[in-house]
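In: My questions are about this predicted structure, shown below with the sequence.
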Amino acid sequence: MTVRGDRSIAGVMKTAGLLPVLAWCVGSIAMGGVTAKPAGMQVVWDDGGGVFGSFRTFNMKAGMQVAIILDSDGPSFIDVVERECKVTIGGAKGRCRYFGQQSQLSKDGKHLRLEIEAEGAKLVDEKAAMNGEIGVLMASEKAEASTGMLDLKVGTVVEFPAEAGLPKLTIEKVGKPSWGKEEFMVSLKCHEDFQKPVSVKFIDENGKEQVAKSAGSSRMGIGKMLTVSMAFKVDKKVSKAKLVVEYWKDLKKVTVPVDFKLGLGGPE
């Protein structure tokens with residue numbers, strides 16, 4: 001998935017003299033050890049219509065935005081499957097906004113927060129229905145896999161032992177990264193659905209280990225047109241190395257149902 005920055009709603013918000021907001025829900029939804037509950041809501045009746053340039057009310061178009069917290073009493077949350085976030089709010093289609101692990105996922109992986117924005121959502125009798133489903137990836141067990149010694153150059157095919165169940169990767173770019181103090185970066189791609197590894201390290205011909213840092217990732221297209229790309233940086237330049245990845249062994253997709261009624265105290 002794509003990481004886009006950090007902007008969150010925590011709890012119930014109230015702005016005196018502008019747009020008072022009061023959010024509540026009827027119960028919470030549990031499924032297979034996962035519980036979903038609303039955490040807060042923003043409503044914009046008038047986004048400014050361009051009167052203030054590019055500055056919109058609450059930085060959103062007229063409609064609603066709801067924050068959801070998912071709690072797990074079993075496996076950890078790993079990621080959100082944004083294309084499978086199918087939720088409507090107040091009769092309008094919602095768009096999932098998830099900003100990555102550092103801002104939206106708890107350290108123990110048991111709690112995940114995301115926001116769903118629905119442009120044009122409307123209240124009926126001062127209430128809005130929110131329903132649909134959210135796809136998330138969950139796992140509890142890590143494993144490690146290593147390649148043989150590789151020439152770290154463009155075009156090299158990266159293969160892991162068959163029992164790991166990991167796809168073949170191809171090196172598409174090597175060299176000094178355009179940002180950061182690290183001296184070397186390797187970019188890889190594949191055309192299979194592949195979740196970014198938990199961690200990556202390079203072991204050179206002398207057995208010296210360098211832990212890699214993520215330099216970004218992307219996922220474009222679907223089906224046979226899917227391309228997954230990821231890049232990793234290390235402190236020192238390496239020409240030959242084994243690539244060792246730590247990955248989620250029991251990764252699975254879970255669909256979480258959402259069905260709430262949200263209330264609102266409007267402007268006086």
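Out: Yep, it's here. Source: prediction; values computed, not measured. Residues are numbered from 1 along each chain as shown.

In: can you pull the pLDDT of residue 196?
Out: For residue 196, the pLDDT comes out at 83.

In: Could I get the phi/psi values of it?
Out: According to degrees, to the nearest 10, the main-chain angles of residue 196 amount to phi -50, psi 130.

In: With residue 163 instead?
Out: phi -70, psi -20.

In: what's the answer for the one 5 residues further on, then?
Out: Comment: the main-chain dihedrals of residue 168 come out as phi -70, psi 140, following degrees, to the nearest 10.

In: Surely it touches residue 157?
Out: Yes - counting by Cβ atoms under 8 Å, residue 168 does reach residue 157; the two are 5.8 Å apart. Glycine gets a C-beta too; all of them are placed from N, C-alpha and C.

In: between the two, who's got more neighbours?
Out: Just comparing residue 168 and residue 157: by other Cβ atoms under 10 Å the higher neighbour count belongs to residue 168, 13 against 10.

In: Could you tell me which ranges of the stretch 151-268 of the chain sit under the pLDDT cut-off?
Out: 264-268 (pLDDT under 70).

In: Just give me the neighbour total for residue 33.
Out: So residue 33, with other Cβ under 10 Å, has 12 neighbours.

In: Helices along the chain, start to end?
Out: 101-104 (DSSP state H).

In: how near is residue 235 to residue 212?
Out: 9 Å (Cβ to Cβ, to the nearest Å).

In: Between those two, which is the more surrounded one?
Out: Per other Cβ under 10 Å, whichever of residue 235 and residue 212 has more neighbours is residue 212, with 22 against 14.

In: That one touches residue 203, doesn't it?
Out: No - assessed by Cβ under 8 Å, residue 212 is found out of contact with residue 203, at 11.0 Å.

In: contacting residues around residue 34?
Out: Neighbouring residues of residue 34 by Cβ atoms under 8 Å, 6 or more residues apart in numbering: 70-72, 74, 136, 138, 254, 256.

In: Give me the buried subset of the residues you listed.
Out: Among the contacts of residue 34, those buried by neighbour count (16 or more other Cβ atoms under 10 Å) are 70-72, 136, 138, 254, 256.

In: Narrow these to those in strands?
Out: Secondary structure from DSSP state E places 70-72, 136, 138, 254, 256 of the buried ones among the contacts of residue 34 in strands.

In: how is the protein carved up into domains?
Out: 29-140+252-263, 142-248 (automatic domain parsing).

In: from the chain's centre, how far out does the longest one sit?
Out: Average the C-alpha atoms of domain 29-140+252-263, do the same for its chain, and the two points are 12 Å apart (Cα atoms, centre = their mean, to the nearest Å).

In: now swap in the shortest one and tell me
Out: The chain centroid and the centroid of domain 142-248 are separated by 20 Å, computed with Cα atoms, centre = their mean.

In: show me the contacts for residue 215.
Out: Counting by Cβ under 8 Å, 6+ apart, the residues that residue 215 touches are 177, 180, 185, 187, 231-233.

In: Would you mind checking which of the ones in strands among the buried ones among the contacts of residue 34 is nearest to residue 222?
Out: residue 136 (18.4 Å; Cβ to Cβ).

In: what's that closest one in contact with, if anything?
Out: 34, 70, 77-81, 112, 253-254, 256.

In: Residue 243 now?
Out: 146-147, 150, 158, 200-202.

In: Keep only those of those that are in strands.
Out: Using DSSP E, those in strands are 146, 150, 158, 200-202.

In: now those in TSV, with neighbour count and distance to residue 132?
Out: Shown next, in TSV, are those (neighbours: other Cβ atoms under 10 Å; distance: Cβ to Cβ, whole Å):
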residue	neighbour count	distance to residue 132
146	13	41
150	19	44
158	19	38
200	22	35
201	19	40
202	22	43
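
In: gap between the closest residue to residue 200 other than its chain neighbours and residue 170?
Out: Nearest non-adjacent residue to residue 200, counting by Cβ to Cβ, 6 or more residues apart in numbering: residue 212, 4.2 Å away. Counting by Cβ to Cβ, the gap from residue 212 to residue 170 is 17 Å.

In: Alright, I will stop here.
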